[in-house]
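Novice: I would like the atomic coordinates for the input below:
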Amino acid sequence: MTDKENSTATAELRSAEQNIEAHSAVFKKELGLADLVLTQILFVIGLSWVGTAAKLGPSHITFWLLAILLFYVPSAVVVIYLNRLMPLEGGLYQWAKLGFNEFTGFMVAWNLWIYVIVLTSEIGLQVATYLSYALGPSAAWLAGSKWVIAGASFVIIGALVVVSTIGLGVGKWIHNAGAVMMIVIFAALVALPILNWSRGSIAEYRPLAMAAPAFSLFSLNILGKLGFGALGGFEYMAILAGECRNPVRTINRSVIIAAPIIAVMFILGTSSVLAFMHPDNIDLIGPIPQVLSIGSRPFGIAASVVPVAILMVMCMRLAQASVNFTANTRLPMVAGWDHLLPAWFTKLHTKHRTPVNSILFVGAMMLAVGLAGIVGVGEQEAYQLLQNAAGSFYAITYLVMFAIPIIGLRGVEPRPPLWLKMAAGSGFLMTLLYVVVSVFPIVQVKSQASFTAKVSGVIIAANILGAAIFLFAERRRRGHALKADSVGASAD
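Specialist: Residues are numbered from 1 along each chain as shown. Reported below is the predicted structural model:
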């Protein structure tokens, strides 16, 4: 491009940013650095990933380090770069729209939106599992009861709607409390093997012992999950940039502070799981409650504390669901700003200044998907089906994010440096690995071929539907523009 074309592209980017910032001016600026650091910890650390990593046995540290080097660090630097360039409400949606075009931005938002819908819809299933651990063996039936799961889904999603409508003035305290509980529970998880080893309850405990990895389709599957699946999420808080105080500084610093804390928690947490459990016996839905239950048995009266700890884990998951839900409700709103969805989605609550219609719509869709996901399959298979489909939707958005510094932002100066493009390339390949292997289950299912077909079919069908919605919206928008031009010409 010529210097003039580069200058024009840069000016268009700044103009678009100013338009988005004008929309965001009505929001309350509730989030500061401490809120974002705690929310990063809460959001990124999925409770199931230490169980997934433990499936690798003693080689888990090697795979964690590979995932950190090849994905975690690249994702952090790319997010910091894009957020500094475009600190806008809508986050990755805006980055993709301004970095490529409106269609790419809409499809990113569509996949991110569906990801959260599907992921959070499994909240009833997880709560039923946690309650079965907390209440003891006599309540084991709760984890498999579709009526209990459905009832929990109704209550929890209803509460998410209420909290999200009130806004981040209340929601951030729920998220912060969840993060504090997360840190406390992981501290207990890390301490349990040490205490058991000191009492002689377990023969040995070497949390940082490394074993040579055995590369196979299974281990590559897990590596993809440890990279994108476990360590993804730094970009998510940027969706709420318009509701942050000084979004460039606070979001970027929150990533830098939270990243090493999260890495240490994952590695030591996985070692604790393996101290008590053989990889074949790990409960992928609730590995932390499982370990807390087993690890506390030698302490007699101390075991009575376990139900409380398990309930804390459940509360952490609810706080995570609140983060997911709150940010997700902003995506239909920002698409409505661009007239790609009806203006109905942009309506704000008169008092709380939150997108109330978008919140109600997301809640209804989440409940519908959750109820549909528990029909006709066992709970472990249902969990894996939801996890794999949701992860693939999310991964698509990351492929676009990593592509922006490499081939996007055409004509915008200054260009991304070579080292950033190399980091983005590493993140892109790790995410692509996740997409390829995510259609295969890591637990025993009735039919692997059927499982793969279900996951693939859902991903393809959902994206075809998203593209159709965009094309319909674009055609309608053009029709309105032509009609306006015609009316203006007639008036002249």
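Novice: where's the closest residue to residue 150 other than its chain neighbours, which helix or strand?
Specialist: The spatially closest residue to residue 150, leaving aside those adjacent along the chain, is residue 371, at 5.9 Å (Cβ to Cβ, 6 or more residues apart in numbering). (Each C-beta comes from the backbone N, C-alpha and C, glycine too.) Counting by DSSP states H and E, the element that carries residue 371 is helix 356-373.
Novice: ok, and what's touching that helix?
Specialist: 113, 116-118, 120-125, 150, 153-154, 157-158, 160-161, 164-165, 325, 328-333, 336, 344-349, 382, 385-386 (Cβ atoms under 8 Å, 6 or more residues apart in numbering).
Novice: neighbours around residue 137, how many?
Specialist: By other Cβ atoms under 10 Å, 8 other residues sit near residue 137.
Novice: same deal with the one 3 residues further on?
Specialist: As a burial measure, the neighbour count of residue 140 was computed by other Cβ under 10 Å and equals 12.
Novice: how about it: what's its closest non-neighbour residue?
Specialist: Spatial nearest neighbour of residue 140, excluding adjacent residues (Cβ to Cβ, 6+ apart): residue 132 at 5.2 Å.
Novice: could you double-check that that neighbour sits in contact with residue 139?
Specialist: Yes. Using Cβ atoms under 8 Å, residue 132 is in contact with residue 139, at 5.1 Å.
Novice: pick out whichever of those two has more residues nearby.
Specialist: Set residue 132 next to residue 139 and count neighbours by other Cβ under 10 Å: residue 132 wins out with 22 against 14.
Novice: list the contacts of the more buried one.
Specialist: 139, 140, 141, 142, 143.
Novice: could you look up the SS state of it?
Specialist: helix (DSSP: H, G, I helix; E, B strand; the rest coil).
Novice: going forward can the numbers begin at 715, since that is how I track them
Specialist: Taking 715 as the first residue, the last one we looked at is residue 846.
Novice: just the pLDDT at it, thanks.
Specialist: We have a pLDDT of 82 for residue 846.
Novice: how much space separates it from residue 806?
Specialist: Applying Cβ to Cβ, to the nearest Å, the value for residue 846 to residue 806 is 36 Å.
Novice: sorry, back to before: and for the residue nearest to residue 864, the neighbour number?
Specialist: Per other Cβ under 10 Å, the neighbour tally for residue 1085 reads 16.
Novice: one more: residue 930?
Specialist: Residue 930 is flanked by 9 other residues according to other Cβ under 10 Å.
Novice: please apply the same query to the one 5 residues further on.
Specialist: Applying other Cβ under 10 Å, we find 21 other residues in the vicinity of residue 935.
Novice: I'd say it and residue 1151 touch.
Specialist: Yes. The pair residue 935 and residue 1151 passes the contact test of Cβ under 8 Å, sitting 4.1 Å apart.
Novice: now the closest residue in space to residue 832 that isn't next to it in sequence: which helix or strand?
Specialist: Distances taken as Cβ to Cβ, 6+ apart place residue 1104 nearest to residue 832, at 4.0 Å, with adjacent residues excluded. Secondary structure assignment for residue 1104, by DSSP H and E: helix 1093-1121.
Novice: helix or strand right after that helix?
Specialist: Next element after helix 1093-1121 (DSSP H and E): helix 1132-1151.
Novice: which elements pack onto that next one?
Specialist: Under the contact criterion of 3 or more Cβ pairs under 8 Å, 6 or more residues apart in numbering; DSSP states H and E, helix 1132-1151 touches helix 787-799, helix 931-938, helix 1093-1121.
Novice: okay, the ones you listed in a markdown table with mean pLDDT next?
Specialist: Compiled in a markdown table, those are given as follows (pLDDT from 0 to 100):
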| stretch | mean pLDDT |
| --- | --- |
| helix 787-799 | 90 |
| helix 931-938 | 79 |
| helix 1093-1121 | 79 |
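Novice: would you list the phi and psi of residue 1129?
Specialist: Here is the backbone geometry of residue 1129 (degrees, to the nearest 10): phi -70, psi 150.
Novice: and what of residue 842?
Specialist: Here is the backbone geometry of residue 842 (degrees, to the nearest 10): phi -60, psi -40.
Novice: OK, contacts around the residue nearest to residue 832?
Specialist: Residue 1104 touches 828, 829, 830, 832, 833, counting by Cβ under 8 Å, 6+ apart.
Novice: now do residue 996
Specialist: So residue 996 contacts 765, 768, 769, 987, 1004 (Cβ under 8 Å, 6+ apart).
Novice: try residue 758
Specialist: Going by Cβ under 8 Å, 6+ apart, residue 758 touches 944, 945, 946, 947, 948, 972, 976.
Novice: out of the residues you listed, who's nearest residue 747?
Specialist: Nearest to residue 747 among the contacts of residue 758, counting by Cβ to Cβ, is residue 972 at 10.5 Å.
Novice: quick one: the closest one and residue 751 touch, right?
Specialist: Yes. With contact defined as Cβ under 8 Å, residue 972 counts as touching residue 751 (5.2 Å).
Novice: between these two, which contacts overlap?
Specialist: Counting by Cβ under 8 Å, 6+ apart, nothing touches both residue 972 and residue 751.
Novice: compare those two (neighbour count), which wins?
Specialist: Legend: neighbour count by other Cβ under 10 Å for residue 972 and residue 751, higher for residue 972 (25 against 21).
Novice: nearest residue to that one in space, please, no chain neighbours.
Specialist: In this structure, residue 972 finds its nearest non-sequential neighbour in residue 754, 3.8 Å apart by Cβ to Cβ, 6+ apart.
Novice: next one: the nearest residue to residue 785 once chain neighbours are set aside from residue 757, what distance?
Specialist: With Cβ to Cβ, 6+ apart as the criterion, residue 785 has its nearest non-adjacent residue at 3.6 Å, and that residue is residue 941. Distance, residue 941 to residue 757, by Cβ to Cβ: 17 Å.
Novice: point out where the chain drops to low pLDDT.
Specialist: 715-731, 737, 999, 1015-1017, 1019, 1087-1101, 1152-1162, 1165, 1194-1206 (pLDDT under 70).
Novice: which non-adjacent residue is nearest residue 1147?
Specialist: residue 938 (4.3 Å).
Novice: residue 946 versus that neighbour, what's the distance?
Specialist: 11 Å.
Novice: which positions in the host helix or strand of residue 1032 come out as buried?
Specialist: Element membership for residue 1032 (DSSP H and E) is helix 1020-1042. For helix 1020-1042, burial by neighbour count (16 or more other Cβ atoms under 10 Å) applies to 1020-1021, 1023-1042.
Novice: what does stretch 835-855 give?
Specialist: Under the neighbour-count criterion of 16+ other Cβ under 10 Å, stretch 835-855 has 835-848 buried.
Novice: distance from the chain centre to it, please.
Specialist: Mean-position distance between stretch 835-855 and its chain equals 22 Å (Cα atoms, centre = their mean, to the nearest Å).
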